[in-house]
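K.L.:
Show me how the following folds:
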Amino acid sequence: MKKLLVYLKDYRKETILAPLFKMLEATLELFVPLVVAAIIDVGIESRDTAYILRMILMLILLGAAGLAFSVTAQYFSAKAAAGFVKKLRHVLFSHIQKLSYGELDTQGTSTLITRMTSDMNQVQSGVNLTLRLLLRSPFVVIGAMVMAFTVDPKSAVVFVVDIPALAVVVFGIMIASIPLYRKVQNRLDGVLGLTRENLTGVRVLRAFCKEEEQEDQFRQKNQMLTDAQKFVGRISALLNPVTYVIVNGAVIALIWVGAVRVDMGILTQGAVVALYNYMAQILTELIKLANLIINITKSIACGNRIQAVLEVEPSVTDPEKTGSEFLSEGTEERNAVPEADSSGAQDKKAFRDQENVRVEFQNACLRYPEASDEALTDISFTVKAGETIGVIGGTGSGKTSLVNLIPRFYDCCRGRVLVDGRDVRSYSLKELREKIGVVPQKAVLFAGTIRENLQWGKKEATEEEMFRALKIAQVEEIIEKKENGLDSQVEQGGRNFSGGQRQRLTIARALVRQPEILILDDSSSALDFVTDAALRKAVGALEPKPVLFIVSQRTSSIRHADRIVVLEDGHAVGIGTHEELMDSCQVYREIYQSQFHGTGDREEVPAE
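P.N.:
Residues are numbered from 1 along each chain as shown. Below you'll find the predicted structure:
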C-alpha cells in the first residue's frame, strides 16, 4: 500500500493543510473544558451573569472557528483523496491495458473490475479519513492527557493507565483484522465473477434450465462471503465495547479520585468537570480512531490488492533496443539491397522470392502461463505477399494460439515469428499492430455509433473508406437501410445486431485500416455459405491484397486458400493445398468428410 502513496505527491499542499486545520480545530476543542470549568468555578459560584455570558460567547466563537477549520480540512482531504484515486485509477487502467493476454488470463476479468471499482472506493475513503482523523485523534488524546495534568497531576494518573490499555486493544484488533479483510475481498471477487458469468450468459442458462443450479452456486459463494464478513465483523465489533469498558472504568476511577480530592479541598468542582470532559473527549476520539482503524485496515487490504496488479509485469513489451538481437542469421542479407552482378537470373529470382516472404514461423512454440504442456510445438512455414493461409483443426488444436503469435498477443516460448523479415519482438507494439487487422473469435462492438466503431480501425477514415469496407464485409445494404446510416446507434456489445451482422461489422472495422496482414479468426461462423463465399471473394479481390489468415472450422471457408495449415494438439500435421491434404493428411481428410459425407457429398458454394 505504501508504494501507492507516490501518487499523492501532486497533492502535498492538501495532505499538509487537511491535518493542520483538523489539529487547529482540535486545539480549540481542548480549551472548551477549561472554559466550562471557569463558568462553574467563577461564574456560577459568584453568580456573575455577565461573566457567564462572556464565557458562553467564547464557547460560541470557539465552536464557529472550529467549524470553519473542520470544513476547510474536509475540503482539502476530499480533494486530495479524490485526486489521488483519480490518478491511481488512470495508472491502474493504463497498466491493465499494457498486460498481455497471458496476464489477463491469469488475473481474471472480475478480479480486475473489483480492483478498479470497489477497492478504489475503499482506498479513497481510507485516504480521506486518514488525512482528517489519523493525526487529530491521537493529538486530542495526548492533548487531553496533557491538559488533565495541568488541572490536577494526581488525578491525571488515571489517563496514563487508561490510554496504553486502549492502544493495545485498538492496534491488536487492527493487526488481527488486516488479513481477514483481504480474505473478504478475495471472496467478493468470487461472487462478482459468478455474477458476471450469469449476466453475460443468461440466455444459455435459460436455454438449459440452469437457473436453480446457478442460484444455489451463487448462494454458496455469497454465504462464504457473508461468513467471512461476519467473522471479521465480530472481531472489529469488539473495539467499541472494549474501549467503552476501559474508558468508563477510567471515568469511574476519575470521579472517585476527584470526589475525594474535592472533599479534601484540593480540587474545585469545575476542575472535576473539566477532567471528566477531557476523559469524554478521549472516549469520543478513541471511538473515532477505532472506526478509522477498521476503515484503514480495509483500505490497506484493498490497496495491497491494487498494488499486486501494478506489480504484475507484462510479458509482451516494446523492445528496449533496436531489436537486432532478434534478427536471425541471414536476415540482414534478406533486408539488404543486393548488389548488381552477373550471377544469373536464378540468383535474382531466389532473392525476389525470399524478399516476398511477409510472415514466417520458425519452430514457433507457445506455452500459456501456469500451463504444463505447450499449446503449440515447432510450427514452421512461410507466407508470401498476397497469399491466403487457411488454419483448421479440431477444438483446442491451437488455431487461435497460432494467429495470436503474429500481433504478439502472446510471445513464443521457443522459436520465433517474423514479419517482413524481422522478429515480431523487435517491433514496437504500435508499429507491429498497425500492419495487422484482427477479427477475433468473439465479435465485440462498443456502445456508440457504427461510424465510431469503424473508426477504431482507422480514426481518420472517410465515409468512402467506411462504405468500401462495409461493402467488402457484405453488410453495406443493412447499414444503408438504417435511418441514420453510419450514425445509427450500437448498443453495448452490439445487442441490437444479430450475430452475423456483428461479425460482418467487426470484419469491416478491420478492413477500414487496410492492413498488410488480415487475420480472420473464425469470424464467419454465424454466416451462411453464400454470404461467407461472397465475403471471401471480396477480400480476395482487394488491391493491394493483404496476407490473409483464415481460421475456421469449415473446410468450405479455407478450401480455396493458397495453403492450409492443419493443426492437431498443437502440432502442424499437414501444410498444403486442399487437394494435397486430401491425399496426404488424414486429419484434414477426416474433417472434410465429417462435414460433407452424409449430404450426398454436396460441395460448398465456391469462393470464385
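
K.L.:
ok, which stretches of the protein are strands?
P.N.:
In the chain, the strands defined using DSSP state E lie at 357-366, 376-384, 388-393, 414-419, 422-423, 436-439, 448-449, 489-490, 517-521, 547-551, 563-568, 571-576.

K.L.:
Quick check: which of these is nearest to Gln97?
P.N.:
Closest to Gln97 of those is strand 436-439 (CB to CB; 16.1 Å). C-beta: built from backbone N, CA, C; applies to glycine.

K.L.:
ok so, going back, any chance of JSON lines for the strands of the chain, columns mean neighbour count, mean pLDDT and distance to Ser557?
P.N.:
Putting the strands of the chain into JSON lines (neighbours: other CB atoms under 10 Å; pLDDT from 0 to 100; distance: least, CB to CB, whole Å) gives the following:
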{"stretch": "strand 357-366", "mean neighbour count": "20", "mean pLDDT": "89", "distance to Ser557": "19"}
{"stretch": "strand 376-384", "mean neighbour count": "19", "mean pLDDT": "92", "distance to Ser557": "18"}
{"stretch": "strand 388-393", "mean neighbour count": "25", "mean pLDDT": "92", "distance to Ser557": "7"}
{"stretch": "strand 414-419", "mean neighbour count": "20", "mean pLDDT": "92", "distance to Ser557": "23"}
{"stretch": "strand 422-423", "mean neighbour count": "20", "mean pLDDT": "90", "distance to Ser557": "30"}
{"stretch": "strand 436-439", "mean neighbour count": "24", "mean pLDDT": "90", "distance to Ser557": "13"}
{"stretch": "strand 448-449", "mean neighbour count": "16", "mean pLDDT": "90", "distance to Ser557": "30"}
{"stretch": "strand 489-490", "mean neighbour count": "16", "mean pLDDT": "90", "distance to Ser557": "26"}
{"stretch": "strand 517-521", "mean neighbour count": "24", "mean pLDDT": "91", "distance to Ser557": "9"}
{"stretch": "strand 547-551", "mean neighbour count": "25", "mean pLDDT": "92", "distance to Ser557": "6"}
{"stretch": "strand 563-568", "mean neighbour count": "23", "mean pLDDT": "93", "distance to Ser557": "10"}
{"stretch": "strand 571-576", "mean neighbour count": "18", "mean pLDDT": "92", "distance to Ser557": "17"}
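
K.L.:
between these, which gets nearest to Arg504?
P.N.:
strand 436-439 (9.7 Å).

K.L.:
which helices and strands sit right next to the closest one?
P.N.:
Strand 436-439 sits against helix 499-512, strand 517-521, with contacts defined as 3 or more CB pairs under 8 Å, 6 or more residues apart in numbering; DSSP states H and E.

K.L.:
Now the residue most central in space within the chain: closest residue in space that isn't a chain neighbour?
P.N.:
Centroid-nearest residue in the chain, with CA atoms, centre = their mean: Leu112, separated by 3.6 Å. Using CB to CB, 6 or more residues apart in numbering and skipping residues adjacent in sequence, the residue nearest Leu112 is Ile96, 5.9 Å away.

K.L.:
before we move on, the earlier item: tell me which of the strands of the chain lies nearest to Leu28.
P.N.:
It is, among those and with distance given as CB to CB, strand 448-449, at 54.1 Å.

K.L.:
rewinding a little: got JSON lines for the helices and strands packed on strand 436-439, with distance to Ala290 too?
P.N.:
Output for the helices and strands packed on strand 436-439, formatted as JSON lines (distance: least, CB to CB, whole Å):
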{"stretch": "helix 499-512", "distance to Ala290": "54"}
{"stretch": "strand 517-521", "distance to Ala290": "56"}
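
K.L.:
could I get the strands of the chain as CSV with distance to Leu527?
P.N.:
Supplementary listing: those in CSV, determined by distance: least, CB to CB, whole Å:
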stretch, distance to Leu527
strand 357-366, 25
strand 376-384, 24
strand 388-393, 16
strand 414-419, 28
strand 422-423, 35
strand 436-439, 12
strand 448-449, 23
strand 489-490, 19
strand 517-521, 11
strand 547-551, 12
strand 563-568, 19
strand 571-576, 26
